[in-house]
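In: need a structure here:
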Amino acid sequence: MFVKKNIYLGLLLASVMGLSACDNAQTSSETPQLTAQQAEIQKYNTYIKVANFNHDSFEEYINYFQHDIKPEFVKPTNNIIINSNVDDMRKIKKYLDDARSMKPAMPDLDGPAQEYSNALAKSLPIGMDMHNYIAAKTYLSDNGAHGREVQDAVIASLQQLAHAEQVFLKSIDVRDRAQTKAAFENSEKGTQAYYKAGMVYYMKQGMDAASDLQPEQGLGKDRDAFNDALNQFASMAKGYESKIKNPDNSDCSILRDNINSYLSIGRTIISRTDSNYYYKKKHSFLGFAGGDGDPGDLEHNFNGLISSLNASAC
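Out: Residues are numbered from 1 along each chain as shown. Below is the predicted model of the structure:
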């Protein structure tokens, strides 16, 4: 069964792509004071650090706690594995608070960031208590009593935190989409910046079209929209590569590989949709090799390509 994918990482990384070049140039400047545009970029990129922070979502952590930790408190064994997110929570809160303290005001982000920070502040003491309880294996000496006592509070705090995280990410997503569209439409046609912005713009359109791959029909009614976006992306990628000044640069090789990987999985999904592959696979007693991981592979290649565009010196 295919599931709708959370592609926030790619969307948020894409937003840095449009800003990072300016940011790098500006931060090396000897100008003693940031311009209004530089200050906005600096603040926004700090928020992006939060959105792109490499950690399991708090919703995923709730599932982990409920399925792997909570049952151990009923009849404790020596097998609880520490998978604490306390350090991640501290770092995320710092990024949020740093960004909120910066100028200019960003009401669309500052409000959700405040709620996210507040939720983290409430969850940190509870999370630290649970971390120490498990790390010291106190659950063995008290037969899980403290764990059973606080487990509902842990879950409740994580649920509030997961909600605040998703609200924040949604607010970033809305701004990111608007910025990506503006960057593409306002870039001078035929320039490398135009092709780069176009690649990201059409990738996002494609990922939107592929966000609900169906277990029996693949892309279904979104097939043509995904195909059109993929073709537009390929055209932009070709234009971008034509503007590369140093194609032998290792960054360019990685970028080229990621472009090809994204196109490859995209075209595979289209081909499998057209051949009714997904339906045949689901209903065949013999089974078909491949296909189950297509949504994840598409997301993985999307995020890898966006990361390359952010880091590439091409």
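In: Can you give me the neighbour number for the closest residue to Lys196 other than its chain neighbours?
Out: Closest residue to Lys196 apart from its sequence neighbours, by CB to CB, 6 or more residues apart in numbering: Tyr240 at 5.7 Å. To be clear about C-beta, it is placed using only N, CA and C from the backbone, and glycine gets the same treatment. Residue neighbour count, defined by other CB atoms under 10 Å, stands at 23 for Tyr240.
In: which residues of the stretch 1-150 of the chain score low on pLDDT?
Out: 1-32 (pLDDT under 70).
In: where do the helices sit along it?
Out: 8-27, 36-51, 58-64, 86-100, 107-135, 138-141, 145-186 (DSSP state H, counting those that start in this stretch).
In: Mind putting the ones you listed into CSV with distance to Asp224?
Out: Shown next, in CSV, are the helices of the stretch 1-150 of the chain (distance: least, CB to CB, whole Å):
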stretch, distance to Asp224
helix 8-27, 22
helix 36-51, 31
helix 58-64, 33
helix 86-100, 40
helix 107-135, 33
helix 138-141, 55
helix 145-186, 21
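In: Out of those, the one nearest Leu309 is which?
Out: helix 8-27 (4.9 Å; CB to CB).
In: Please report how far the spatially closest residue to Asp108 that is not a sequence neighbour lies from Lys94.
Out: Nearest non-adjacent residue to Asp108, counting by CB to CB, 6+ apart: Ser171, 5.6 Å away. Separation of Ser171 from Lys94 (CB to CB, to the nearest Å): 19 Å.
In: Then Gly190?
Out: 42 Å.
In: cool, Gly144 as well?
Out: For Gly144 relative to Lys94 (CB to CB), the value is 33 Å.
In: what about these two, which has more around it?
Out: Set Gly144 next to Lys94 and count neighbours by other CB under 10 Å: Gly144 wins out with 22 against 15.
In: Does Phe198 touch Gln232 like I think?
Out: Heads up, residue 198 is Gly, not Phe. Yes - counting by CB atoms under 8 Å, Gly198 does reach Gln232; the two are 7.4 Å apart.
In: Counting neighbours, go ahead and name the busier of those two.
Out: Neighbours around Gly198 and Gln232, counted as other CB under 10 Å, are more numerous at Gly198. The numbers are 23 against 17.
In: Assign the closest residue to the more buried one other than its chain neighbours to helix, strand or coil.
Out: Leaving aside its sequence neighbours, Gly198 sits nearest to Met236 (CB to CB, 6+ apart; 3.7 Å). In three-state terms, and counting by DSSP: H, G, I helix; E, B strand; the rest coil, Met236 is helix.
In: Contact partners for Met236?
Out: Shown in contact with Met236 (CB atoms under 8 Å, 6 or more residues apart in numbering): 195-196, 198-199, 202.
In: same question, Leu109
Out: 44, 47, 99, 168, 171-172, 175 are the contacts of Leu109 under CB under 8 Å, 6+ apart.
In: Next, format those as JSON lines and append distance to Leu109 and neighbour count.
Out: Listed next are the contacts of Leu109 as JSON lines, based on distance: CB to CB, whole Å; neighbours: other CB atoms under 10 Å:
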{"residue": "Tyr44", "distance to Leu109": "8", "neighbour count": "21"}
{"residue": "Tyr47", "distance to Leu109": "6", "neighbour count": "26"}
{"residue": "Ala99", "distance to Leu109": "8", "neighbour count": "22"}
{"residue": "Phe168", "distance to Leu109": "8", "neighbour count": "25"}
{"residue": "Ser171", "distance to Leu109": "6", "neighbour count": "21"}
{"residue": "Ile172", "distance to Leu109": "7", "neighbour count": "23"}
{"residue": "Arg175", "distance to Leu109": "7", "neighbour count": "16"}
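In: List just the nearest of the residues you listed to Asn63.
Out: Phe168 (19.9 Å).
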